[in-house]
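Novice: When you get a sec, could you give me coordinates for this:
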Amino acid sequence: MTMKRIFAFIAGLLTICAGVYCMMTPEITWLSTIWLLGVIMFVNAFDALWTWSDRKQLGFANGWDLVAAFLALLFAVALMASWQTQFITGITLLYMTGIPLQQVMLISGHKDEDSIRHYLRLTKQENAEKLKDNPFFNQ
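Specialist: Predicted coordinates for the structure are as follows:
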């Protein structure tokens, strides 16, 4: 159990360092956000695996916890290893936080809206949520 506490302490320190880095360099934070999310998911997956192992020894492990840990590990590796996943997720997060599409295009290097809309991953529900706060629809 002490190894788990040491692991959690180190993970917490790394997360704090990442947060301080993001506050100190806001102009490039968006570039590293997806990678940091991947690292945090990776650490969370290992913590979930560790917790499942401890619970198994006590006799009340749940198989779905193990599945969730492996899925988190898989998604973390996909976020950290694939530049396409980082790019698509980054563009979608920028757009969903309210940055106008023209500015997202300047950041991503796209020349026209049709090419960037191909990468945006918005469901109909997310689109409706985004549009409900638009002043055009609240007159």
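Novice: What's the separation between residue 109 and residue 43?
Specialist: 31 Å (CB to CB, to the nearest Å). Glycine gets a C-beta too; all of them are placed from N, C-alpha and C.
Novice: actually residue 10, sorry about that
Specialist: For residue 10, the distance to residue 43 - CB to CB - is 9 Å.
Novice: what's the pLDDT at residue 121?
Specialist: With respect to pLDDT, residue 121 scores 69.
Novice: Pick out whichever of residue 10 and residue 43 has more residues nearby.
Specialist: Between residue 10 and residue 43, counted using other CB atoms under 10 Å, the more crowded position is residue 43 (19 against 11).
Novice: Next, the contact list for that one, please.
Specialist: By CB atoms under 8 Å, 6 or more residues apart in numbering, residue 43 lies in contact with 11, 14-15.
Novice: now the residue positioned nearest the centre of the chain, nearest residue through space, not along the chain?
Specialist: By CA atoms, centre = their mean, the chain has its centre lying nearest to residue 37, at 4.0 Å. In space, residue 37 comes closest to residue 79 once its chain neighbours are excluded; the distance is 6.1 Å by CB to CB, 6 or more residues apart in numbering.
Novice: Quick check: that neighbour touching residue 89?
Specialist: Yes. If you go by CB atoms under 8 Å, residue 79 and residue 89 touch, sitting 7.0 Å apart.
Novice: what residues are shared contacts of these two?
Specialist: Shared contacts of residue 79 and residue 89, counting by CB under 8 Å, 6+ apart, come down to 34, 37.
Novice: so who does residue 85 touch?
Specialist: 34, 78-79.
Novice: Now the strand or helix carrying it - C-alpha only, CSV.
Specialist: Per DSSP states H and E: residue 85 is located in helix 83-96. Presented in CSV, the C-alpha positions along helix 83-96 are these (Å, rounded to 0.1, in the frame of the first residue of the first chain):
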residue,chain,number,x,y,z
TRP,A,83,-0.6,13.1,-33.6
GLN,A,84,-3.9,12.8,-35.6
THR,A,85,-5.9,12.2,-32.4
GLN,A,86,-4.1,15.1,-30.7
PHE,A,87,-4.8,17.4,-33.6
ILE,A,88,-8.5,16.4,-34.0
THR,A,89,-9.2,16.6,-30.2
GLY,A,90,-7.3,19.9,-29.9
ILE,A,91,-9.3,21.5,-32.7
THR,A,92,-12.6,20.2,-31.3
LEU,A,93,-11.7,21.5,-27.8
LEU,A,94,-10.7,24.9,-29.1
TYR,A,95,-13.9,25.2,-31.0
MET,A,96,-16.1,23.9,-28.1
